[in-house]
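**Q** build me a model from this:
(4 chains)
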2 protein chains.
Amino acid sequence: MAGKATSFDIAQLAGVSQPTVSRALRGSPTVSEQTRLRIEAIAKQLNYKVDKNASNLRLQETRTLALLFFEEPSPDDTGINPFFLSMLGSLTRTCAQRGYDLLISFQQLSANWHVDYEDSRKADGIILLGYGDYELYRAKLEQLVEQGTHFVRWGFAQEGQPGTTIGCDNFRGGIDAARHLLQHGRRHIAFLGDASSHYPEFQDRYRGLCEAQGGEGIIANPKLQIDALNAQEAGYAAAMQLIDSKETFDSIFAASDTIAIGAMRALRERGFDIPADVAIIGFDDIPAASLTHPPLTTIQQDYRLAGEILVDGVLKQIRNEQAPTAVLPAKLIVRKSCGAH
Amino acid sequence: MAGKATSFDIAQLAGVSQPTVSRALRGSPTVSEQTRLRIEAIAKQLNYKVDKNASNLRLQETRTLALLFFEEPSPDDTGINPFFLSMLGSLTRTCAQRGYDLLISFQQLSANWHVDYEDSRKADGIILLGYGDYELYRAKLEQLVEQGTHFVRWGFAQEGQPGTTIGCDNFRGGIDAARHLLQHGRRHIAFLGDASSHYPEFQDRYRGLCEAQGGEGIIANPKLQIDALNAQEAGYAAAMQLIDSKETFDSIFAASDTIAIGAMRALRERGFDIPADVAIIGFDDIPAASLTHPPLTTIQQDYRLAGEILVDGVLKQIRNEQAPTAVLPAKLIVRKSCGAH
DNA sequence: CAGAAACCCACATACGTATTCAAAATATGT
DNA sequence: ACATATTTTGAATACGTATGTGGGTTTCTG
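**A** Numbering: from 1, shown residues only, chains lettered A, B, ... in the order given. Sure thing, here's the model as predicted:
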């Protein structure tokens, strides 16, 4: 037999018509038990697999989700945020459980991905992952909504946003992080991370910090907030800038673990003891957080749950159900970088 | 207009036939400049995208590669080997550069993935990634070859294997690791990692160790080889077993960084100083290796190059070219866990 | 100005599957 | 035995694209 077997080949061997083969293999009750078994046997013997392209074309669905992954600054693969990699694992598994394939694609936020995947029928829905300038994002999200694309975004969640967004409670997480530092006697908390509205996640974490400080009657010193994108190098540079500023600080709240790890390196180089001189807390709980010296206290995002909710959210949209924007809890993970125990 | 635009819709608006639209958009020279521009304008305006399913069906190709990812023991996502995650980044990018999509799927080695992806025409070729019992593997690889499936495997590379395999030079890497330890005066080198033929990568690394020791007239003590799968917990347990065995050892060659990290934890708990009491070297150079305390000296596998070669290997097969089995160099990365400097 | 060449384009068709509709085969009831 | 209900199958068709083939028009050449 030349090439792969088709349903026609099976039909011929079974002495039935092609439609009967199709029906038999999809388990239609209108085909008799006897012929179904015969057809199944032949299909198995020929190693027959339904041609997904033909099937998708006919059914007008792909049973595939597309994962679009954004990275803002560095186009090299060293910089993939470990938290997103963890999420990727969860997404993949959830998709598999739900019987969907996952198409993965790295994108520049600036590219015109927003018209690509579902329109070209490569996928039934889209999951968007990645930090990035929200202003750049917003217009494209609106276009997606307008086009009726099924999509769910991970990130900053807020009422009135276009589409469905799943995010963690960054504000609450910020409060918890700050309280932990405050409880250990720190009063001069620096924040490393962009606090502009372009990075709403980081901004919310910072707002949580300010809120918690306010509860203790502390007014946040704006000079202790230093912009940093989500990368070790940025954390290192920001910490250096902080040290050189000569402002008084006894602790650091890093907007992400990656930033925290870079900052720890800077602190160590400048001879600060962690946590005696400077306590530090991160955000995300990436796998590496438990390996730093000292192990990094941080705020954990539940990537496992997040992955499930994201996938199920898109699937709901595909079934034309509502998929509400949701906020997941964040959880303090106490290790040793803040002087606990 | 109901639903997505098709080439017929464009044809009607442009006052031409559907085939002309198809040809125009594919840049066929048989369609006049003038009409091509007209068609392109309309297509853009309607946000038209070629339906991939229909296109694939017609062309009998998908321009998609499938990445099958195996994990042997733990079916939870905490255990994804960071090295493979790095590789994933490289694979994704290379695919994108080559104009291919990447379908990703986690599999159990035992499942019957070997008849699924290309047969169902979800992908033009397959990349296999993951450690695992090679014996389980082999039969399925042979079946893939027999079916004429286009695939490339990452792992243990050796002549006479079914299909194309890309791997790093584990033997050479093992020698380099051992020499580094020997050069720093270590004479009792323990090896943590399964050295059975079921895990040929680890076995080769162990063989390299023995070879290097032989060059110095040292006969390897088999009691210093302790089985460990590729996980932190396994590394921890193996190191504990080593310590409790009361055998003399002054250094550890861990078959992977993950194992090394687990072993370092065990050593620290039992009060060993690294590297003064015990030097330790890993394998892979995962991102976390530079974060351990002390930073882990290790053997680097070039995941970036590996990803490119894997993708290009499959693409060659798809074009019916030879894709030779290849061995990539491994590189010693000196940090501080062996007492260098 | 006739004939040839060059250029555009439309018609028909194939890719492999899934479903609608109608027909054939079988079973059921009187 | 005949009509009717029921089960099982086949013929026709659509999904949207890409391409081989041939027809019509224009331009060029002698």
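**Q** my read is that residue A:7 contacts residue A:18, right?
**A** Yes - with contact defined as C-beta atoms under 8 Å, residue A:7 reaches residue A:18; the gap is 5.0 Å. Where you see a C-beta, it was placed from the backbone N, CA and C, and this is true even at glycine.
**Q** so which of these two has more stuff around it?
**A** residue A:7 (21 against 14; other C-beta atoms under 10 Å in any protein chain shown).
**Q** the nearest residue to that one once chain neighbours are set aside: which element?
**A** Closest residue to residue A:7 apart from its sequence neighbours, by C-beta to C-beta, 6 or more residues apart in numbering or on different chains: residue A:21 at 4.4 Å. Here residue A:21, judged by DSSP states H and E, is contained in helix A:18-25.
**Q** can you check residue A:9 too?
**A** Residue A:9 is located in helix A:7-14, with elements delineated by DSSP H and E.
**Q** elements contacting that helix?
**A** helix A:18-25, helix A:33-45 (3 or more C-beta pairs under 8 Å, 6 or more residues apart in numbering or on different chains; DSSP states H and E).
**Q** how about the strands in chain A?
**A** Taking DSSP state E as the test, the strands found in chain A are A:64-70, A:101-107, A:125-129, A:151-154, A:164-168, A:189-192, A:225-226, A:251-254, A:279-281, A:298-301, A:326-328, A:330-333.
**Q** right, so of these, which gets closest to residue B:312?
**A** Among those, strand A:101-107 comes nearest to residue B:312, with 18.0 Å by C-beta to C-beta.
**Q** hey, C-alpha coordinates of that closest one in PDB?
**A** What follows is strand A:101-107, C-alpha atoms only, in PDB (Å, rounded to 0.1, in the frame of the first residue of the first chain):
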ATOM      1  CA  ASP A 101      -2.900  19.200  22.100                       C
ATOM      2  CA  LEU A 102      -0.800  22.200  22.900                       C
ATOM      3  CA  LEU A 103       0.900  24.300  20.300                       C
ATOM      4  CA  ILE A 104       3.600  26.400  21.800                       C
ATOM      5  CA  SER A 105       5.000  29.600  20.400                       C
ATOM      6  CA  PHE A 106       7.300  32.300  21.600                       C
ATOM      7  CA  GLN A 107       6.400  35.700  20.400                       C
END
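**Q** tell me the angle of it relative to strand B:64-70?
**A** Put simply, strand A:101-107 runs at 110 degrees to strand B:64-70, going by axes from the mean of the first three to the mean of the last three C-alpha atoms, to 10 degrees.
**Q** quick one: the worst-scoring helix or strand of chain A on mean pLDDT to chain centroid distance?
**A** Across the helices and strands of chain A, mean pLDDT, DSSP states H and E gives its lowest value to helix A:134-147, namely a mean of 84. Chain-centre distance of helix A:134-147: 18 Å, with C-alpha atoms, centre = their mean, to the nearest Å.
**Q** residue A:187 is in contact with residue A:249, isn't it?
**A** No - counting by C-beta under 8 Å, residue A:187 does not reach residue A:249; the two are 9.5 Å apart.
**Q** ok, the two, which is more surrounded?
**A** residue A:249 (21 against 13).
**Q** can you give me the buried ones in the helix holding residue A:9?
**A** Buried residues in helix A:7-14, defined by neighbour count with 16 or more other C-beta atoms under 10 Å in any protein chain shown: A:7, A:9-11, A:13-14.
**Q** pLDDT on it, on average?
**A** In this model, helix A:7-14 has a mean pLDDT of 95.
**Q** so what's residue A:182 up against?
**A** A:189, A:212-213, A:216 (C-beta atoms under 8 Å, 6 or more residues apart in numbering or on different chains).
**Q** mind doing that once more with 7 Å?
**A** A:212, A:216 (C-beta atoms under 7 Å, 6 or more residues apart in numbering or on different chains).
**Q** go on, the one 4 residues further on?
**A** Residue A:186 makes contacts with A:250-251, A:279, as judged by C-beta under 7 Å, 6+ apart.
**Q** show me the shaky parts of the stretch 1-150 of chain A.
**A** A:1-3, A:72-79, A:110, A:115 (pLDDT under 70).
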